[in-house]
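Q: Okay, sequence plus prediction incoming.
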Amino acid sequence: MDGREPLLMLDRVFAGYGKMTILNGTTASIRPAAITTVIGPNGAGKSTMFKAVFGLLPVRSGTIVFDGRDISNLPPRALLDAGIVYIPQGRNIFPELSVRHNLELGGVALSRQAEIARRIEAVMRRFPMLQEKADQQASTLSGGQQKILEVARGLLLKPKLVLIDEPSIGLSPLMVRDVFAILKDLRNNGVTVLLIEQNAKQALQISDYGLVLEQGQTRIEAAAPQILADPRIAQLFLGGGLLQPEQVS
Amino acid sequence: MNPVLQVADLRKSFGGIAAVDGVSFQVDEGEILGIIGPNGSGKSTLFNCVLGQLTPSSGEVRVDGRRTTGMRPCDLNRLGVSRTFQLLQVFPQLSVRDNLILAGQEHQGSMVSRLFGRADAGLGEGADRMLDFFRLSHFAAQPAGSLSYGQQKLLDAAMAFMAGPRLVLLDEPAGGVNLTMLSHLRERLQAYHAERKATFVVIEHQMEFVMALCTRVLVLAEGRIIAEGAPAAVRRNPVVIEAYLGH
Amino acid sequence: MFRSGLFATLIGTAFGLTTPLHAQSSVYIPAVLELSGAGAVSGTNFRDGMLLAIDEINAKGGILGRKIDAPLLDTQSDAGISRAQVQKVLDNNPYVILGPVFSGSVLVDMALTQQAEIPEIVGGEAAAITQKNDPYVFRTSFGQQFSMPKIANYIRDGVKAKSVAVIWVNNDFGKGGRDTFVKEMAARNIKVVADVSTESGQADFSADVVKINAANADAIFVYLNEEESARFLREAKKQGVKAPLIGETTLLGQKVIDLAQGAAEGVRGHVGLTVDAPIPAVQDFAERFKKRYNYVCDHNGIKGYTAVYIIKHVTEKIGKFDSRLFAQTLHGITITPDDEPGVLMEVTFDANGDLDRQSFLGEVVNGKQKIVEILPKLGK
Amino acid sequence: MASFIQLLISGLATGAIYALIAVGFTLLWQTSQTINFAQGEFVMLPAFFVLAAMNWGAPFWLAALIGIAAALVVLGLLFKLIVVDPMLRYGVLPLVISTIALSLLLKESVKDFYSAQAQAFPPLVPDADVHLFGAVVSTQSLVVLGVAIATVAALHLWLNKTRTGRSMQATAQNPALARILGIPVQRMVLYTFLVNAVLVAIASILISPIYLAKFTNGETLGTAAFIAAIIGGFNQVRGAILGGIILGVLDNLSAAYLSSQYRGAFPLLILIAVILCRPQGLLGRVEERTV
Amino acid sequence: MTRLGAVVIGVALALALAAPFFLKPFGIYLLSMWAVLTIAAMGLNLTLGYAGQVSLAQGAFVGIGAYTVALLTQGGVPFALAFIAAGLLCFIVGWMLGYPALRVSHHYLAFVTLAFTTLVFLVLRNEQWLTGGIYGINGIMRPVLFGWSTGKALHFYFFSLGVLVVLALAIWWMLRSPWGRAFVALRENPIRAASVGLDTRRYTLMAFAVGSSLGGLSGALYAPLVQFIEPGSFAINMSFSLLLMVIVGGSGYFFGPFVGALVAVLLPEWMRIAEGYYLIVYAALVMVMMAFCPTGILGLVDRLAKAAMPNGRSAPAIGAERTAP
């Protein structure tokens, strides 16, 4: 691994819903300007980890450090200002607003109107499809186009870190390739991408690093090719833990 | 052996997208069938169609040879089909014991006899035995909401057995349950199965749990059955690995 | 523990409420009135007129040397609550009870006051009130069975109408008036060609005016509460209603004229009690009322004011505070302003508790109610 | 025919007012699940702010501004802070009881501290009648219709053409996503309360010259606003407008052509029919439910 | 039932029996009103508090019951029969009104029932041939039961109290039977309830019907208590008051309506010391109460009791467990 400081660090993070604890002391170091894919069986706590990072779920104990600063339990708005953008699973658009206005809402955290307009133009140049449909209702976009809209909206803030949860769900293989290409492009421009993906193989192929979660704990943190080659991965998905986990109360 | 559940060419689409796309299978008496598959493969939709929560677009469901497609969930339950839920679904304000009695009372007598009959609908002893069986006796009088997550999962399973069902559909019984509780739950399910010769269908992500419990496994991907067989065989099946890990 | 605490408080409080608060130096004449809800305008007018009279009397030493103690009890314009409040004051041995104004409330309270043999001087105008042989109920204005014939005669003889449209508010006041009116019309062979019911609090009268215009009647009888009258008049003016508009006190009052902003011109009708009566005592009273309360008194204010003076006069006549004797004496009595200036106009009570006074035919001219004819007392 | 047009036009004017009130009502529901049973009284009250200001000697235009400002503070800010916020997390019912109590409080306060009498209210324009297609229409009705439409149009423009407006829409449509994007959700909710306050204040100033200002005015207006909001679609501004206008016209037509005694029943029957056949309202969208 | 609970009930009952002897007719009238309205609130508590269906129609059912009894007794039918008829009629109408509840819930259901209440008011007012219209019905006689006249305030109070106790016992019986469990299940999680075989449709309708018939029975006592009924008394305000009683007392607590009705009947009377402003003070108090104990008075008692017993097993005043007994 290179010697660069990690951009995002989780240190023994516990979080969950109500009586359920999902993150059982999750620990991670996310390298800057790289794509890291989080994989693991269902219920391992991948989405929960994103929510905890983005301040949507209280961190019960442990710390989350971003860019050298403790961001545990900061509200989303502060995290946006710090340079983190979160693109959740599923459809996250305002269906009745136009494509342009959907984009614009990604820039609420910016105060200057002119700057927002400029950045919208820039994003639209980058994604001509959005330019074409700028004044249509967002609900008229196809699933993949909506996902691109979401990503584009996230880019409006010029984030340092993008958290993107299962972007490929419900997309055609062609669309998935497009979305992944966009993520690679981001990484090449210095943006750090943290990705959750069901489609582990394909995601790891575009990633620099992989992180394997199980039972809310980090099992493997390594370079992507290394994980791809690891025979234990299939086993992880199809039963049998990686390590025999200690008792969790 | 008699098939308890028969599903024939079941389809269900939402807005043109087929979530379940022509699934057929059957479950024989005394079997424990596991259904696995990656996220979004249509497992829950399949369950909901079988249980009457959703009306299938086409195809049919039979229980003990009787066509049940389109039946209301409550009528299905009274035919002997019961279920557990993926997320916690007990009645938190009722006591643990009342939760169990509730789960059986509608199988006793009529509306009128339930009003004028005994408060526990004659199920008190049955409930106590069930509490014993699932080691919940200690909490009998407590509101179900005060139980820990895993205990509530146990209670959820116990409720499914209260009416002595023909067929139990378990929807992710292990989800969110810690390991100690998990082995306890598995052990209890197995014990119940052995004792009553019950028929189970289990949806589960926790593979270890599935592999240990089930006698046969179906693998669902993109709304279709892509593999079927004994747990160990399914696990080695390259098609299954592919489905889980992507292309 | 908590619940028993509540019960203890209940009993204690109920005691507190029922402990007579009036001392021997005063006379307890409680007023049960519509101080909130739909009847609040009538109730507060009645209250203000009544309080004016009480203050005047108390300033001069009260009745037979005792000050009037007149607590106010709100019925919320609901018959059930009014019954409870009358029960409450009856528990404290009142001398006379004032109010309520809503006929429905009066009808339910009467049974109680009759049983307790306590006179009740009410503001209600429904015919039924005085048809029950209750010797303890007295009116402060004409019942509808007296006012409607006067209007009917006027429509027959003054307007010479062969057909009439009637628009009324669907509450006990309006319905009572309408029913009596329709009967009187039938007796005079005048056809009712349109019978339009409106809601209390209604704001938009365009549909009603369209209906009335379509009926093409010779005259239109309007029996609505004050604000609704004003709204109706504006709509009628807008849609160019031609037939003469005839009404009662609630159509011709100054309040209506002001609110209708010019749309009341030419409206005519019968006025039982009005501050515009060409009688100096009445106008003098109206001025005092306006000065004190900063609004123009309507007929209910006069009802409240005169009711108190009637009590004063009768009590002084019998020389003691005896409720039964009071009721007996009030039957058949005639009180003139010479005897008691506070009654404002000569008034006679009959055996049923109905009263008889002069009344007026008025017309709105130049934004003022002008009395065009004084109708003598029926008994003369 | 002339009478039909007469009814239609006055129905439109009344309906436009209902629409104004219903729009505010739905905004509150969308952003904060507040069913405001005091909405009618909210319309009654600003007229008295204006009258009070005039009693202090302010000219009408200034008094109207003061009335709107007072409504912003009392019916917008204070209502949210004192009544809604403390109760929001306990679900809909306690808040319903609270707004029912609030409606009583407002009514009684106006009655006791101002007057029980109906008050004349200065018209926005001199009263005159205009003849239109054989019907007589007062300038006042036209002004009501015009201002109401302009207000709703302005609101619509604001919601769609400004960033803040779109942020409010976003908050109403999907508060969780709005939060993720950094939209200040709480402030947007406050804005809807303020917008509601302005809407009711405008409605108040528009109708009081015709309806007269009286403490009981809210009783019918509040119910009308509910019905309009539901007929049109509880979660749609456009729906509320449509509902208001349908209600106003229907009320007049049914009173004239069907039965005046049962005029109140027809909107209710439509309401029940809409709820049973199309619960999301004529223009509403289905609120997503999770099974 | 805990021993403490039994003691509290005993004391309360003793007070209810003894109180009228210390009170003048007005106090007795208020107590009677409390007993009568508690019956209606108990019905609403069943529909709303136990089965979770928001209804703004309870006032209308009180009206239907009151008119049924008034009309039948004036037509010569014995009171006992008229009383049963009132309950039965409201049961049937309530069952039918329950059908919308199967399709819609929450605020939509509230508005359907609100519309129903107003429609009932309009029919009572407009169909004069039957109901006496806006004039209402006057002079309703208080019943004579087995030669015992309830004409006197005290007698009528004991009669109402007796009916209340009998009905409360019946409801208690129902709530401790499997039905009570089913109603709670319906409120908490209808989908789960259906999955254990509960016919949610039938139980929803039943909750509506039984709740409504209690409203009717309350009306059947209201008519002879006030001895005069008019449509306006049963307009939406009555439904609002009953809703207030249930919520203020503690929705879903068996004794919630008893406490709530006590507050709603007495609080305005207590506030009359504020003279002209008493309704303002009353409204403000209700708002404050909702802000500080949104789960109602018994909800507050429950919370305090749980706080006092840290082991979480509460044994507070009877009825302070928000479940089926």
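A: Sure, I can see it.
Q: Which element, helix or strand, includes C:N45?
A: Assessed by DSSP states H and E, C:N45 sits inside helix C:40-59.
Q: what about the next helix or strand after that helix, distance to the chain center?
A: Using DSSP H and E, the helix or strand that directly follows helix C:40-59 along the chain is strand C:67-69. In terms of Cα atoms, centre = their mean, to the nearest Å, the centre of strand C:67-69 is set 23 Å apart from its chain centre.
Q: what residues does the helix or strand following strand C:67-69 touch?
A: Later in the chain than strand C:67-69, the nearest helix or strand by DSSP H and E is strand C:72-74. Contacts of strand C:72-74 with the rest of the structure, by Cβ atoms under 8 Å, 6 or more residues apart in numbering or on different chains, involve C:30-36, C:43, C:47, C:81, C:85, C:88-89, E:272, E:275-276, E:278-279. Every residue, glycine included, has its C-beta placed from N, CA and C.
Q: Out of those residues, which sit inside helices?
A: When DSSP state H is applied, the contacts of strand C:72-74 are split such that C:G43, C:R47, C:I81, C:Q85, C:K88, C:V89, E:Y278, E:L279 fall in helices.
Q: give me the low-pLDDT residue ranges for the stretch 201-325 of chain E?
A: E:309-325 (pLDDT under 70).
Q: Look up the closest residue to the residue of chain B found nearest chain D, ignoring the ones flanking it.
A: Scanning chain B for the residue nearest chain D gives B:Q53, at 6.5 Å (criterion: Cβ to the nearest Cβ). Excluding the flanking residues, the one nearest B:Q53 by Cβ to Cβ, 6 or more residues apart in numbering or on different chains is B:P73, at 5.9 Å.
Q: Phi, psi for the one you found please.
A: phi -50, psi -40 (degrees, to the nearest 10).
Q: residue ranges for the helices of chain B, please.
A: Listed in chain order, the helices of chain B (DSSP H) span B:43-50, B:73-78, B:96-105, B:111-116, B:124-133, B:149-161, B:179-196, B:207-213, B:231-236, B:238-245.
Q: B:A160 is in contact with B:N99, correct?
A: No: using Cβ atoms under 8 Å, B:N99 is not in contact with B:A160, being 11.3 Å away.
Q: out of these two, which sits in the busier spot?
A: With neighbours defined as other Cβ atoms under 10 Å in any protein chain shown, B:N99 and B:A160 compare such that B:N99 has more, 29 against 25.
Q: Run through the residues that contact the closest residue to the more buried one other than its chain neighbours.
A: Closest residue in space to B:N99, ignoring its immediate chain neighbours: B:A144 at 5.0 Å, by Cβ to Cβ, 6+ apart. Going by Cβ under 8 Å, 6+ apart, B:A144 touches B:V90, B:F91, B:P92, B:Q93, B:L94, B:S95, B:V96, B:N99, B:Q152, B:L155.
Q: Check B:A158 too.
A: If you count contacts by Cβ under 8 Å, 6+ apart, B:A158 has them with B:L100, B:A103, B:M130, B:L131, B:F133, B:F134, B:L136.
Q: likewise B:L185?
A: B:G150, B:K153, B:L154, B:A157, B:P173, B:A174, B:V177.
Q: any idea how far it lies from chain A?
A: 15 Å (Cβ to the nearest Cβ, to the nearest Å).
Q: Check the gap between that residue and A:P173 for me.
A: As for B:L185, its distance to A:P173 is 38 Å (criterion: Cβ to Cβ, to the nearest Å).
Q: How about D:S138?
A: For D:S138, the distance to A:P173 - Cβ to Cβ - is 67 Å.
Q: the more surrounded of those two?
A: Just comparing D:S138 and A:P173: by other Cβ under 10 Å the higher neighbour count belongs to D:S138, 24 against 11.
Q: quick one, phi psi at the more buried one?
A: Main-chain dihedrals, D:S138, degrees, to the nearest 10: phi -80, psi 150.
Q: how close does it get to C:Q239?
A: From D:S138 to C:Q239 the distance is 10 Å (Cβ to Cβ).
Q: Distance check, the residue of chain B closest to chain D against A:P88.
A: Noted for B:Q53: a distance of 26 Å to A:P88, by Cβ to Cβ.
Q: again with E:E269
A: Using Cβ to Cβ, E:E269 is found at 56 Å from A:P88.
Q: got it, and A:P167?
A: Computed as Cβ to Cβ, the A:P167 to A:P88 distance reads 10 Å.
Q: Tell me which of the two has more neighbours.
A: Between A:P167 and A:P88, A:P167 has the larger neighbour count (other Cβ under 10 Å), namely 25 against 20.
Q: tell me the contacts of the one residue in chain D that gets nearest to chain A?
A: Using Cβ to the nearest Cβ, the closest approach of chain D to chain A is made by D:G182 at 4.0 Å. D:G182 sits next to A:P76, A:R77, A:L80, A:D81, A:V108, A:A109 when contact means Cβ under 8 Å, 6+ apart.
Q: List only buried entries from the residues you listed.
A: Applying 16 or more other Cβ atoms under 10 Å in any protein chain shown to those, the neighbour count classes A:P76, A:R77, A:L80, A:V108, A:A109 as buried.
Q: Let me see the backbone angles for the last one.
A: In this case it means A:A109. Main-chain dihedrals, A:A109, degrees, to the nearest 10: phi -70, psi -20.
Q: Count residues in the vicinity of the nearest residue to E:V196 once chain neighbours are set aside, would you?
A: Distance criterion Cβ to Cβ, 6+ apart; nearest residue to E:V196, sequence neighbours excluded, is B:A103 at 4.3 Å. As a burial measure, B:A103 scores 32 neighbours (other Cβ under 10 Å).
Q: Roughly how far does B:A103 sit from B:N77?
A: Distance, B:A103 to B:N77, using Cβ to Cβ: 9 Å.
Q: Same check on E:T204?
A: Separation of E:T204 from B:N77 (Cβ to Cβ) stands at 17 Å.
Q: What ranges does chain A have for its strands?
A: A:8-17, A:20-30, A:35-39, A:61-66, A:69-70, A:84-87, A:161-165, A:192-196, A:209-214, A:217-223 (DSSP state E).
Q: Chain B is nearest to which of those?
A: Nearest to chain B, of all those, is strand A:20-30, at 4.7 Å by Cβ to the nearest Cβ.
Q: average model confidence for that closest one?
A: Strand A:20-30 carries an average pLDDT of 89.
Q: the inter-axis angle of that strand versus helix B:149-161?
A: Angle of strand A:20-30 versus helix B:149-161, following axes from the mean of the first three to the mean of the last three Cα atoms, to 10 degrees, is 130 degrees.
Q: who's in contact with strand A:20-30?
A: Contact partners of strand A:20-30, identified using Cβ under 8 Å, 6+ apart, comprise A:6-16, A:36, A:43, A:45, A:48-49, A:52, A:60, A:62, A:161, A:192, A:194, A:209, A:211, A:213, A:215-218, A:221, A:248, B:149, B:176.
Q: Thank you kindly, that will do.
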